[in-house]
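*Asks:* A predicted structure for the sequence below; I have some questions about it.
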Amino acid sequence: MEAALRNSLDEPPTSVTLTDSSHFSQVIFIDIENFYAPGTDITCRYKLSYYFTPRRNDWVGIFRVGWKTTREYYTFMWAALPSSFEDKDAKSQEVLFKAYYLPKDDEYYQFCYVDQDGQVRGASIPFQFCAEAEDDMLVVTTQGEVEEIEQQNITLLQENHKQKEELANLQKQHENLQEKLKAAEEKAKELEDKVSLLQTGTVELQRAQDLQALHINSTQTELAAVTENNTKLQKENEDLQRSMETLRSSNQQLDSEVHLLKKKITHLETQNDAAKLELSQVKEEKKSMLSEKEQLENKLRSALDSLDQLQSQLQGQEKEIENLQRADEDKTRYLEQLEKKNDQLNATLLSQQKLEEKLKEKTHLLQTLQKEKVEMEKKNQQLKQENQDLMAHLPEMLGDASTHFPTRSPENSVLVFGNPYAAPPELPEAELVSLKACPMCHELFPNDIGEQEYSAHVQSHLLQCPYCSETFDSSSKQVFDDHVFCHGLN
């Protein structure tokens with residue numbers, strides 16, 4: 001009931017890819033009739049192998065013989081999960097197909113078990129939806145008709161032999177295509193080796209600029225060879241595609257011939273059944289003929305099996321040919337990428353030439369700045385020497401300057417500039433000794449000023465290099481900037 005409900009609501013999981021017949025033995029269909037009466041419900045029974053694990057969305061479908069993918073089902077029913085996975089081999093499973101959903105024609109159909117990934121896990125023998133011939137019907141066949149049937153069997157065997165020869169020819173063509181593909185892969189490998197050589201040449205080109213012209217010429221020569229090989233490979237690819245089209249047309253013709261052969265075999269099986277019914281009622285001397293007919297039927301069944309295998313092999317060949325086409329397309333795209341990389345390499349070479357010119361200009365500028373740096377360092381040394389001399393004579397300068405610093409008298413404090421006619425006041429000796437003067441701006445400070453404050457004032461007039469700790473006068477800002485810039489170039 002649950003499977004029927006899912007059948008009415010959902011679509012089964014299918015796949016558009018060709019199925020692999022190696023998995024068909026995981027589900028075995030049992031008690032399959034050759035004929036089913038139209039207008040009646042049919043029960044499909046099957047067993048699950050030990051190595052197969054069923055899932056919830058597995059389903060059993062009815063397919064017309066000759067199907068390619070699982071999307072070509074006629075109708076389906078959801079497969080019920082076994083009650084116990086331990087005894088799934090011991091107990092058969094079954095699904096019921098209602099007569100309303102069954103095919104109405106007399107074509108050959110078969111049951112297929114499809115898992116929830118859309119892959120076929122088992123397939124039954126072919127059957128038809130038509131009334132089976134009555135067993136009690138008496139059919140009278142003459143000796144001439146029997147001989148005609150035997151002649152048709154011989155003709156059918158000859159056609160089967162011819163089909164095998166055509167299959168052998170197709171296999172040879174497939175081997176030739178594989179050899180061509182191998183040659184194309186070898187050429188592609190050679191191209192990859194050449195590309196690796198080009199990449200190695202690019203690295204060497206970046207390291208040694210003196211060999212740029214030689215590497216460019218060799219790269220252009222190898223690119224011309226790669227282009228020529230690419231043209232040859234495209235021609236071979238076109239020849240391969242034409243061969244594949246020929247092989248496809250041969251496969252289609254073979255499929256049509258196999259279909260006709262199946263119809264002939266079906267008709268022949270019907271005639272053989274009638275012949276067996278007649279020969280069972282004639283003289284005992286014709287019993288040997290019946291045994292021969294049974295042997296012939298076995299051969300026909302084996303021929304049918306071999307034809308099915310042939311069809312699966314042809315499907316595998318078509319898949320391999322598609323893989324070859326995709327591989328050729330990938331190689332073509334890879335060659336296009338090589339051409340783009342070569343264009344990028346040429347652009348990189350042009351940019352390197354421009355960078356060389358800029359580097360020469362920077363080198364010339366660096367040499368000029370280095371010369372200026374040497375001159376500035378000499379001037380800086382001279383300024384340092386002068387600064388040291390000045391610091392050495394600073395006490396003498398302070399002693400001389402103490403006699404030239406007037407102070408306003410209390411009585412003349414209202415005058416802004418002092419009384420020019422007043423006698424210079426005498427400073428106490430302790431006050432003269434307590435003064436400090438800045439060596440840069442000659443500003444005076446009391447002796448009790450903090451050493452840190454005095455040093456900060458002196459340092460405010462100096463600029464210190466962050467690279468070598470060399471000091472410069474704040475009035476020589478341009479010299480300081482050029483000195484720092486030279487460190488940046490180094």
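*Replies:* The structure has been received and is ready for your questions.

*Asks:* Can you show me the strands along the protein?
*Replies:* Secondary structure of the chain (DSSP state E): strands located at 27-30, 35-36, 42-48, 59-64, 73-78, 93-97, 109-114, 120-123, 128-129, 435-437, 444-446, 462-464, 471-473.

*Asks:* Pick out the shakiest of those, pLDDT-wise.
*Replies:* Mean pLDDT is lowest for strand 435-437 out of these, coming in at a mean of 75.

*Asks:* Could I get the strands of the chain in CSV, plus columns for distance to E357 and mean neighbour count?
*Replies:* Glycine gets a C-beta too; all of them are placed from N, C-alpha and C. Putting the strands of the chain into CSV (distance: least, C-beta to C-beta, whole Å; neighbours: other C-beta atoms under 10 Å) gives the following:
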stretch, distance to E357, mean neighbour count
strand 27-30, 77, 18
strand 35-36, 89, 17
strand 42-48, 79, 18
strand 59-64, 74, 23
strand 73-78, 73, 18
strand 93-97, 83, 17
strand 109-114, 71, 24
strand 120-123, 70, 22
strand 128-129, 87, 20
strand 435-437, 55, 16
strand 444-446, 57, 12
strand 462-464, 35, 14
strand 471-473, 34, 18
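
*Asks:* As a markdown table, those with distance to T363 would be great.
*Replies:* As requested, the strands of the chain are arranged in a markdown table below (distance: least, C-beta to C-beta, whole Å):
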| stretch | distance to T363 |
| --- | --- |
| strand 27-30 | 81 |
| strand 35-36 | 95 |
| strand 42-48 | 82 |
| strand 59-64 | 79 |
| strand 73-78 | 79 |
| strand 93-97 | 87 |
| strand 109-114 | 76 |
| strand 120-123 | 75 |
| strand 128-129 | 93 |
| strand 435-437 | 47 |
| strand 444-446 | 49 |
| strand 462-464 | 28 |
| strand 471-473 | 26 |
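
*Asks:* quick one: which of the ones you listed is nearest S312?
*Replies:* Smallest distance to S312 across those (C-beta to C-beta): 10.9 Å, for strand 120-123.

*Asks:* Summarise which helices and strands the closest one is packed against.
*Replies:* Applying 3 or more C-beta pairs under 8 Å, 6 or more residues apart in numbering; DSSP states H and E, one finds that strand 120-123 makes contact with strand 27-30, strand 109-114.

*Asks:* can you do 10 Å?
*Replies:* strand 27-30, strand 42-48, strand 59-64, strand 109-114 (3 or more C-beta pairs under 10 Å, 6 or more residues apart in numbering; DSSP states H and E).

*Asks:* can you pull the contacts of the closest residue to A303 other than its chain neighbours?
*Replies:* Nearest residue to A303, sequence neighbours excluded (C-beta to C-beta, 6 or more residues apart in numbering): N160, at 4.8 Å. Contacts here follow C-beta atoms under 10 Å, 6 or more residues apart in numbering; on that basis N160 touches 261, 265, 299-300, 302-304, 306-307.

*Asks:* And those residues, which of them are buried?
*Replies:* With neighbours counted by 16 or more other C-beta atoms under 10 Å, the contacts of N160 contain buried members at 261, 265, 300, 303-304, 307.

*Asks:* Where does pLDDT dip in the stretch 1-150 of the chain?
*Replies:* 1-10, 16-22, 84-91, 132-141 (pLDDT under 70).

*Asks:* where does K286 land on pLDDT?
*Replies:* Looking at K286, its pLDDT is 74.

*Asks:* Can I get the helices and strands packed on strand 120-123 in CSV including distance to Q382?
*Replies:* Converted to CSV, the helices and strands packed on strand 120-123 look like this (distance: least, C-beta to C-beta, whole Å):
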stretch, distance to Q382
strand 27-30, 103
strand 42-48, 104
strand 59-64, 101
strand 109-114, 99
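
*Asks:* quick one, which of those is nearest to S249?
*Replies:* Closest to S249 of the helices and strands packed on strand 120-123, according to C-beta to C-beta: strand 59-64, at 23.1 Å.

*Asks:* which strands and helices sit next to the closest one?
*Replies:* Against strand 59-64 (3+ C-beta pairs under 10 Å, 6+ apart) you get helix 2-9, strand 42-48, strand 73-78, strand 93-97, strand 109-114, strand 120-123.

*Asks:* Check the contact between S280 and L290; I expect there is one.
*Replies:* Yes: under the criterion of C-beta atoms under 10 Å, S280 makes contact with L290 at 7.1 Å.

*Asks:* Comparing these two, which residue is more hemmed in?
*Replies:* More crowded of S280 and L290, by other C-beta atoms under 10 Å: L290, with 16 against 10.

*Asks:* And the closest residue to the more buried one other than its chain neighbours, how close does it get to L300?
*Replies:* Leaving aside its chain neighbours, L290 sits nearest to L279 (4.7 Å; criterion: C-beta to C-beta, 6+ apart). Counting by C-beta to C-beta, to the nearest Å, the gap between L279 and L300 amounts to 17 Å.
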